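Undergrad: the amino acid sequence is not available; the structure is as follows:
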């Protein structure tokens, strides 16, 4: 079962969200909250796999809450506001649902979260592999990328730019960091920002707020700072 938390400051919207969650057999609603501060308390005391959360809430918005979490669960935004879609995808969310949400659309979002969680479990339980590459869909072809050829990656919206050794231009692929991270060996790559994943072997220097790949300087996101410091302090 996928343990869920529902957050919405509108009572009717929260009740509808609870009802929809109850219709999905693989979801278990752990708690419902009417504000982000109560949600933080739940997250501190419960293991939550998936958040369903509104954006516009008093005190602390959904975007601000998600940005503040270090070990964040998967996230599905459920909101009446379309204008935050691009900003929300920078947070690497599962889906963005605009109210009123049709049940079939809600179900598709839940299945996508389920697939990501299952992939993560497979990855965690899989033995260490000697695989040195993976394939991506680009330019109507399956393109092979060797891990050793990757310098760094930049995500924007539904696309990722792969900066590769001996490549004149980045390779642009339609995918998300959430999906890509299941392909990348964690001992070879490090996410340092909501928009950047870098090859650890390509890092030449680290400062308080930046990682250097030769002459290129990339910012360390506040959410990822602790992970970067932990890796290199060890």
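TA: Here it is on my side, so go on. Because the structure is predicted, anything quoted here is derived from the model rather than measured. Residues are numbered from 1 along each chain as shown.

Undergrad: okay, now residue 29: neighbour count?
TA: 17 (other C-beta atoms under 10 Å). Heads up, the C-betas are built off the backbone N, CA and C, glycines and all.

Undergrad: quick check, central residue of this structure?
TA: The geometric centre of the chain, computed from its C-alpha atoms, lies nearest to residue 92 (C-alpha atoms, centre = their mean), at 3.4 Å.

Undergrad: can you classify residue 78 by secondary structure?
TA: strand (DSSP: H, G, I helix; E, B strand; the rest coil).

Undergrad: ok, residues contacting stretch 205-217?
TA: The contact list for stretch 205-217, computed with C-beta atoms under 8 Å, 6 or more residues apart in numbering, reads 151, 152, 192, 198, 202, 203, 204, 218, 219, 220, 228, 232.

Undergrad: how does it look with 6 Å?
TA: Stretch 205-217 is contacted from outside by 152, 192, 202, 203, 204, 218, 219, 220, 232, using C-beta atoms under 6 Å, 6 or more residues apart in numbering.

Undergrad: next, the buried residues of it.
TA: Using 16 or more other C-beta atoms under 10 Å as the test for burial, stretch 205-217 gives 211, 213.

Undergrad: show the end-to-end separation of it, please.
TA: 9 Å (C-alpha to C-alpha, to the nearest Å).

Undergrad: one step back: just among the contacts of stretch 205-217, which is most surrounded?
TA: Top of those by neighbour count (other C-beta under 10 Å): residue 192, with 24 neighbours.
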